[in-house]
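**Student:** Turn this into a model:
(one chain, ligands or ions: 4)
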Amino acid sequence: MKPNNKHINIVGARQNNLKNISLEIPKDEITVFTGVSGSGKSSLVFKTIGAEAQRQINETQNSFTRNRLNHYGVPDVDKIEHLNVPVIISQKRLGGNARSTVGTATDIYTSLRLLFSRIGQPFVGYSGVFSFNHPQGMCPACEGLGFVSKINTKELLDENKSLNEGAILFPTFQPGGYRWLRYVNSGYFDADKKLRDFSKTEWDLLLNADEHMPTHPNSSWGKTMRYIGLLPRIENDFLKRDSKEHNIRKKELQKIVVSTTCPDCLGKRLNENVLSCKIHGKDIADCAMLPIDELLKFIKTISSKPFNSLLEELKMKLNNVVDIGLQYLTLDRSTSSLSGGESQRIKMVRHLGNSLENLLYIFDEPSIGLHPKDLDNISSIINKIRNKGNTVLIVEHDPDIIKIADHIVDIGPGAGVDGGQIVYQGSFNDLKTSGSRTGAYFSQKRSHKISPRKAVETIKIKDATMYNLKELSVDIPLNVLSVVTGVAGSGKSTLIRKVLPSQFPEVRIIDQSPIIGSSRGTLLTYLGIFDKIRKVFAQANKVSTQLFSNNSLGACSNCKGLGFEKIDLAFMDDVELPCEVCNGSGFTPEVLKYKFQRKNITEIMELTIEEALTFFRELEFVDNFRLLTELGLGYLKLGQRLNTFSGGERQRLKLSAELEVRNHIIVLDEPSIGLHPSDTQMLLDILERLVEMGNTVIVIEHNLDIISQADWIIDIGPGAGKCGGQLIFQGTVDSLLGYKNSETANYLKSYLN
Ligand code: ADP
Ligand code: ADP
Ligand code: ZN
Ligand code: ZN
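**Tutor:** Ligands and ions are numbered 1, 2, ... in the order given. Coordinates of the predicted model:
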């Protein structure tokens, strides 16, 4: 094959575990990258192809930024030719900014604003003022947030105490603190008087007084200090999101602050003037509160010849959201409350709206969070993107997405050092007979659980009504493996992750969220094994254990033992560069002289779990390593930092910590994410083991390999959002198969055939 510009041509890729591989990827087609977890798919697709495509764009940046980025971001590859401008659609959630909504993130709100500024009655100004982020559009009372934060004085103050006794409960206002001094020294109060005995004037001074020079003769202040009431003081110093102390005191603030719907705009975020502008009796905020399918119906009732193309564009964008299965969302929903899968699809919608071609789209497991029914929509959208003349690369484990590939690249054969090679390239049909693990999965016979466990006891949820749940009651069987199914947005997470724990607080939820405080942490510290290894080193070398701690004696002084330095780049994510002094080890050269069985501490960090299993075989902590190997994580390196793990890896790591427990109620949210189909069996074995040990396991899952092996199914639906929230079915897989009115049943039937 000769490279030409109909292919992306990759030569000599060696990032992470890739074994100097070369390949050509057809342009204007869909290529799906498969392979077991840790085989090197992300290393090739994101860290090599995606990184290089971005680097080539960065060439257009100013030279300072460019040098910084090049230093860090050059993937380990000889060359890549014929790359297009990349659009990388990852699982990273959309920002937590309170001003970012489904409407703003999809750009649909922009079109809606334009429409209101053209045909709304009366005319109030150009489209910009319809934005709640615009000073002339926002509600002045809540500054466009839709809610106001108020301090709950009941939680802030203890009326049965005096100032001297610590009546102000918030930190930094405690007796002796400098903020407390200002109130005590103001001369306005008797510091020994209980607050409940304060006069109205005293209360007013304490809580609400505007900033002023204290005039009271008893004031022991000089002429320079000003006085301000407690409420404005806390608002200024803590409530403002950009105040320095806002983040530090978040937890304590939650206790004293209540958010309520803004009384002026009733949550609509806009001022009266803007809200007076209407189309067919609805203002723009009314529109943003409608589920998107209803909004589409409403827009279809509008006709205006001069603005036909604007209306068509708006309908097209709304239609895209419906097609992608998010018709149940509203434009005013804040993006921070969306699930990972919802976020990813919102990002997709944004790109469907534009008509650019010749782009390189890269997707990271687009199947996440999706029921097989939703997958049909996603597949057709990805097809649309390709048909516009774009190249699509997808890292994916889901059989239904793998099937839409024009071209498949299977990486393997194993994980970590045993992977990094191309085991198969070609069509989906030939994959089945290729002999690879992915191929084997597709050619094997499917069956469902023959003899499910019977529950003796249940826990009961009665009349749950949160979000879209419609007085849903369900009995969840104890000591069996239950799988909760239903289309995205039907209410599974609301029921299992919100309602269930509120009634049974002992429920343990194992998900993919980041591990807290993990910037210094490595796999070893997470497992609690680092201390033990330090001891082993200290004993073997007859020195202090302190020496091997990377936050004390033996730590590299340049990076404080971190092994990397953080670099701030304006407008971009921070980048981390390996420390130049210690080359990333985090230790002083002296420490590296000490060895255990001929390896120094950083060489130990480089071992994979599987290697460590043999290396430390005589020590008791290897049992931990064995568990992780059984979870398919044997390829991870001991020193790998926690913040570099993928969501799926994190979830399995957390799962490993549960494997010793009994009599727990354990909830897993899509544990199949990031798992190759051939690894799913191993996950099922672990879930079975948890149940055998006396635990109750409840899994929210779309993966049919897992659904088919449940003892008990709880199906929520029938649709998403307001069309969901009902219990559709509960029972065994066998009886589900005989049930007509469940989408899940239909897909399960065709899966088993
Ligand atoms: P996949 O996407 O197929 O699950 P990856 O490309 O993420 O696999 O990982 C391939 C190998 O590279 C694994 O052994 C993994 O632990 C390793 N790896 C991934 N990211 C890093 C990193 N930032 N530093 C060191 N090793 C890494
Ligand atoms: P699933 O887990 O089945 O995908 P969810 O339980 O996440 O579904 O969602 C059920 C419904 O509740 C959807 O209409 C969703 O938009 C709504 N919902 C979920 N979280 C929130 C939230 N934080 N605020 C408002 N609505 C929410
Ligand atoms: Zn308001
Ligand atoms: Zn260093």
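**Student:** Please count neighbours and contacts with C-alpha atoms only from this point.
**Tutor:** Noted.
**Student:** Give me the distance between residue 35 and ligand 4.
**Tutor:** As judged by C-alpha to the ion, to the nearest Å, residue 35 and ligand 4 stand 35 Å apart.
**Student:** And for residue 45?
**Tutor:** Look at residue 45 and ligand 4: by C-alpha to the ion, they are 30 Å apart.
**Student:** Run through the residues that contact that residue.
**Tutor:** Residue 45 is in contact with 362, 393, 395, counting by C-alpha atoms under 8 Å, 6 or more residues apart in numbering.
**Student:** Could you do residue 118 as well?
**Tutor:** Here residue 118 is in contact with residue 307 (C-alpha under 8 Å, 6+ apart).
**Student:** Wait, a helix at it?
**Tutor:** Yes: Residue 118 sits within a helix when classified using DSSP: H, G, I helix; E, B strand; the rest coil.
**Student:** Poorly predicted segments of the stretch 501-650 of the chain, please.
**Tutor:** For the stretch 501-650 of the chain, the stretches with pLDDT under 70 are 517-519, 567-575.
**Student:** ok, 80 please
**Tutor:** Residues of the stretch 501-650 of the chain meeting the criterion pLDDT under 80: 512-520, 550-553, 566-577, 643-644, 646-648.
**Student:** where exactly do the strands run in the stretch 501-650 of the chain?
**Tutor:** Here the stretch 501-650 of the chain has its strands, by DSSP state E, counting those that start in this stretch, at 508-510, 564-567, 575-578.
**Student:** I'd like the ones you listed as TSV, with distance to ligand 4 and mean neighbour count appended.
**Tutor:** Listed next are the strands of the stretch 501-650 of the chain as TSV, based on distance: least, C-alpha to the ion, whole Å; neighbours: other C-alpha atoms under 10 Å:
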stretch	distance to ligand 4	mean neighbour count
strand 508-510	34	18
strand 564-567	6	16
strand 575-578	8	16
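**Student:** Of all these, which one comes closest to residue 368?
**Tutor:** Of all those, strand 508-510 sits nearest to residue 368, with 16.2 Å by C-alpha to C-alpha.
**Student:** which outside residues touch the closest one?
**Tutor:** Here strand 508-510 makes contact (C-alpha under 8 Å, 6+ apart) with 497, 651, 654, 655, 664, 665, 666, 667, 668, 669.
**Student:** contacting residues around the fifth one?
**Tutor:** If a contact means C-alpha under 8 Å, 6+ apart, then residue 664 has 506, 507, 508, 694, 695, 696 as its contacts.
**Student:** any idea which of the contacts of strand 508-510 is closest to ligand 2?
**Tutor:** Nearest to ligand 2 among these: residue 497, at 8.2 Å, using C-alpha to the nearest ligand atom.
**Student:** What's the local residue count around the closest one?
**Tutor:** 18 (other C-alpha atoms under 10 Å).
**Student:** and it, that one's in a helix?
**Tutor:** Yes: Residue 497 forms part of a helix when assessed by three-state DSSP.
**Student:** In space, what's closest to it - neighbours in sequence excluded?
**Tutor:** residue 509 (7.4 Å; C-alpha to C-alpha, 6 or more residues apart in numbering).
**Student:** How about the residues of the protein by ligand 2?
**Tutor:** Proximity of the chain to ligand 2, by C-alpha under 6 Å from any ligand atom, involves residues 328-329, 337, 467-468, 487-494, 721.
**Student:** Quick one: these as a markdown table, columns for pLDDT, neighbour count and secondary structure too.
**Tutor:** Formatted as a markdown table, these follow (pLDDT from 0 to 100; neighbours: other C-alpha atoms under 10 Å; DSSP: H, G, I helix; E, B strand; the rest coil):
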| residue | pLDDT | neighbour count | secondary structure |
| --- | --- | --- | --- |
| 328 | 90 | 22 | coil |
| 329 | 94 | 24 | coil |
| 337 | 83 | 15 | helix |
| 467 | 93 | 12 | coil |
| 468 | 94 | 20 | coil |
| 487 | 88 | 26 | coil |
| 488 | 85 | 28 | coil |
| 489 | 87 | 28 | coil |
| 490 | 92 | 26 | coil |
| 491 | 94 | 28 | coil |
| 492 | 96 | 25 | helix |
| 493 | 94 | 16 | helix |
| 494 | 95 | 18 | helix |
| 721 | 87 | 22 | helix |
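**Student:** Would you tell me which one of those comes nearest to residue 711?
**Tutor:** Distances from residue 711 to those, taken by C-alpha to C-alpha, are shortest for residue 492, at 17.7 Å.
**Student:** So which of the contacts of strand 508-510 belong to strands?
**Tutor:** Per DSSP state E, strands hold the following members of the contacts of strand 508-510: 665, 666, 667, 668, 669.
**Student:** want to throw those residues into a markdown table with distance to ligand 3, pLDDT and neighbour count?
**Tutor:** Formatted as a markdown table, the ones in strands among the contacts of strand 508-510 follow (distance: C-alpha to the ion, whole Å; pLDDT from 0 to 100; neighbours: other C-alpha atoms under 10 Å):
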| residue | distance to ligand 3 | pLDDT | neighbour count |
| --- | --- | --- | --- |
| 665 | 42 | 95 | 20 |
| 666 | 41 | 95 | 22 |
| 667 | 38 | 96 | 23 |
| 668 | 39 | 95 | 23 |
| 669 | 36 | 91 | 21 |
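**Student:** Tell me the one among the residues you listed nearest to residue 136.
**Tutor:** Out of those, the member with the shortest distance to residue 136 (by C-alpha to C-alpha) is residue 669, at 43.1 Å.
**Student:** I'd like to know which elements the helix or strand hosting residue 344 is packed against.
**Tutor:** Here residue 344 sits within helix 340-352, counting by DSSP states H and E. Under the contact definition 3 or more C-alpha pairs under 8 Å, 6 or more residues apart in numbering; DSSP states H and E, helix 340-352 sits against strand 85-89, helix 102-106, helix 308-323.
**Student:** now for whichever helix or strand comes after that helix, which elements pack on it?
**Tutor:** Proceeding N to C from helix 340-352, the next assigned helix or strand is strand 359-364, under DSSP H and E. Secondary-structure packing of strand 359-364 (3+ C-alpha pairs under 8 Å, 6+ apart): strand 85-89, strand 391-395.
**Student:** what angle separates strand 359-364 from helix 340-352?
**Tutor:** 170 degrees (axes from the mean of the first three to the mean of the last three C-alpha atoms, to 10 degrees).
**Student:** any chance of the contacts of strand 508-510 in CSV, plus distance to residue 259?
**Tutor:** Shown next, in CSV, are the contacts of strand 508-510 (distance: C-alpha to C-alpha, whole Å):
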residue, distance to residue 259
497, 23
651, 32
654, 33
655, 35
664, 34
665, 32
666, 32
667, 30
668, 31
669, 29
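**Student:** from those residues, which is closest to ligand 1?
**Tutor:** Closest to ligand 1 out of the contacts of strand 508-510 is residue 651 (13.5 Å), distances taken as C-alpha to the nearest ligand atom.
**Student:** still on that earlier bit, compare the helices and strands packed on strand 359-364 and say which comes out lowest on pLDDT.
**Tutor:** Lowest mean pLDDT within these: strand 85-89, a mean of 85.
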